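Q: Sequence first, predicted model second:
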Amino acid sequence: MKNRTLQVSALALSLLAGCASVPKAGLCSAEAGPNARSFPTPDTWFALLLHGYDKDTGAAPRPAVDCTGAPVWSQDPAADECVEAGPDALPLPPPEKLTEEDLVLETLQAGSRLVWVITRRFTNGEALGPVALVETTEQGFRVEALGSLRAMPKNAKLRLETVKGTNVLVAEGDACTPGDEEVCRRHARIMPLRNNRFFTESVSDKARACLGAAWFPLSRELTFDLPNGLRRKFELTSTLTFAEEGISVQEQVQVSDSDPQQPDVAPRLYRRAQDVRTLELADNALVSGKPSLWSRMVEQQVRIGARAQPEKPIYALPEKKKPAGAEADTATAVAAPADKTKDAAKAASDTAKAAVAPGKTSQKPAAATAGGTGL
């Protein structure tokens with residue numbers, strides 16, 4: 001009986017020891033030697049977070065896929081979905097290869113980092129890519145949490161805040177105007193961490209109606225052309241404060257009027273306004289009791305017939321190159337014999353006449369459809 005008791009005890013101890021030696025599972029992992037763990041290169045992070053990354057060429061997969069096989073994708077609410085739509089921007093062409101400029105690292109504590117790999121950039125200065133909470137282990141690196149972050153990459157700072165026991169990723173960065181007189185405005189994006197995933201959640205009211213994206217300009221300007229000919233300029237400054245109870249957003253807006261016909265006259269202060277709203281971390285949602293002060297004041301201008309001046313993009317879309325075949329066709333057309341040109345002109349005239357024949361519907365000219373939204 002005594003021997004049987006000893007055997008049972010030994011078995012229990014071996015089971016406990018076995019359980020204690022089982023490594024903690026992560027979303028993705030990579031083995032690395034001591035030197036690589038102490039001094040990881042950008043390629044280390046690119047290969048860890050991007051499935052299909054080519055270390056030899058530095059090329060990322062297209063479209064980008066994170067280490068779990070999920071597409072790298074982020075979408076803010078559209079204007080018809082929310083009181084306030086997310087930032088409006090067009091994607092720039094993806095880079096041929098990734099460099100250290102496409103990497104943002106933030107050390108939280110020893111062996112714990114936030115890593116953001118940028119795979120796409122946008123005309124308003126934003127960037128998109130997988131973001132991860134990465135732990136250093138005895139074997140290498142392990143991804144504990146993962147998501148797709150779209151934020152401003154210039155002078156970017158990443159951190160984790162805790163609200164009601166839930167970690168919240170906060171990404172701050174600058175959008176800077178091009179040119180000699182650079183003006184930078186800071187923006188923040190927040191993403192709650194739920195079930196090992198950083199989620200892009202919109203701000204909703206208690207009935208889950210969308211109020212806006214979880215994207216907060218800490219500094220912003222917008223100018224309206226008023227029906228009476230004046231120009232009205234809105235200037236926003238806001239701050240985010242994190243506490244266990246919730247997230248506080250404090251907004252201050254200054255409004256001034258100016259006359260374009262009198263450029264030498266200084267703008268006149270029209271009004272100042274400020275407000276504070278609280279965001280609560282509810283189940284799978286960011287909840288607020290009201291829209292932002294900025295959206296409410298902008299809506300008032302739209303109601304009186306004011307027209308907002310479009311915000312200039314930080315980066316311009318590159319011009320599309322003409323296909324080589326098109327250039328060859330153009331050269332051939334120029335060099336065509338005179339008789340063939342006349343035949344082509346006659347055929348085109350006959351086609352045009354047929355298009356507008358009685359009982360037929362004529363097509364719109366190509367120039368009229370060039371401004372369409374199809375891509």
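A: Ah, there it is.

Q: Can you spell out which helices and strands pack onto the helix or strand R296 falls within?
A: Assigned by DSSP states H and E, R296 belongs to helix 293-303. For helix 293-303, the elements it packs on are strand 219-225, strand 231-242, strand 247-258, strand 268-282, strand 307-308, judged by 3 or more C-beta pairs under 8 Å, 6 or more residues apart in numbering; DSSP states H and E. Every residue, glycine included, has its C-beta placed from N, CA and C.

Q: between the ones you listed, which gets nearest to G125?
A: Proximity to G125 (C-beta to C-beta) singles out strand 219-225 among those, at 13.0 Å.

Q: Partner strands of that closest one, with direction?
A: Using DSSP bridges, strand 219-225 pairs in its sheet with strand 231-242 (antiparallel), strand 307-308 (antiparallel).

Q: ok so, going back, and the helix holding R296 with strand 268-282, angle?
A: Interaxial angle of helix 293-303 relative to strand 268-282 (axes from the mean of the first three to the mean of the last three C-alpha atoms, to 10 degrees): 130 degrees.

Q: For helix 293-303, which residues meet the burial criterion?
A: 293-298, 301 (16 or more other C-beta atoms under 10 Å).

Q: Using a markdown table, lay out those together with pLDDT.
A: Formatted as a markdown table, the buried residues of helix 293-303 follow (pLDDT from 0 to 100):
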| residue | pLDDT |
| --- | --- |
| L293 | 96 |
| W294 | 95 |
| S295 | 94 |
| R296 | 95 |
| M297 | 95 |
| V298 | 93 |
| Q301 | 95 |
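
Q: A156: which of the residues you listed is nearest?
A: Closest to A156, out of all of the buried residues of helix 293-303 and judged by C-beta to C-beta, is W294, at 22.9 Å.

Q: Could you dump the buried residues of helix 293-303 into TSV and include distance to R197?
A: Shown next, in TSV, are the buried residues of helix 293-303 (distance: C-beta to C-beta, whole Å):
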residue	distance to R197
L293	31
W294	29
S295	28
R296	32
M297	35
V298	33
Q301	38
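
Q: so, if you compare these, which one comes nearest to F39?
A: W294 (44.4 Å).

Q: my guess is that closest one meets V253, correct?
A: Yes: using C-beta atoms under 8 Å, W294 is in contact with V253, at 6.3 Å.

Q: shared neighbours of those two, which are they?
A: Any residue near both W294 and V253 by C-beta atoms under 8 Å, 6 or more residues apart in numbering counts here, and that gives 234, 236.

Q: which residue packs closest to R307, ignoring adjacent ones?
A: With C-beta to C-beta, 6 or more residues apart in numbering as the criterion, R307 has its nearest non-adjacent residue at 4.8 Å, and that residue is D225.

Q: got a list of what the one you found touches?
A: 231, 306-307, 309.

Q: now L149
A: 74, 116, 128-131, 169, 171, 189, 191, 198.

Q: and it, which of the three is it?
A: L149 falls in the strand class when you classify it by DSSP: H, G, I helix; E, B strand; the rest coil.

Q: So, low pLDDT: which residues of the chain?
A: Low-confidence segments of the chain (pLDDT under 70): 1-25, 320-375.

Q: Can you pull up the most central residue in it?
A: Per C-alpha atoms, centre = their mean, the C-alpha nearest to the average position across the chain is that of R150, at 2.6 Å.

Q: Could you report the separation of that one from A79?
A: 18 Å (C-beta to C-beta, to the nearest Å).

Q: of the contacts of L149, closest to P263?
A: R189 (37.1 Å).

Q: The closest one reaches R150, doesn't it?
A: Yes: at 6.9 Å, R189 counts as touching R150 under the criterion of C-beta under 8 Å.

Q: How many residues are close by L133?
A: When neighbours are counted by other C-beta atoms under 10 Å, L133 registers 24.

Q: Please apply the same query to V249.
A: So V249, with other C-beta under 10 Å, has 20 neighbours.
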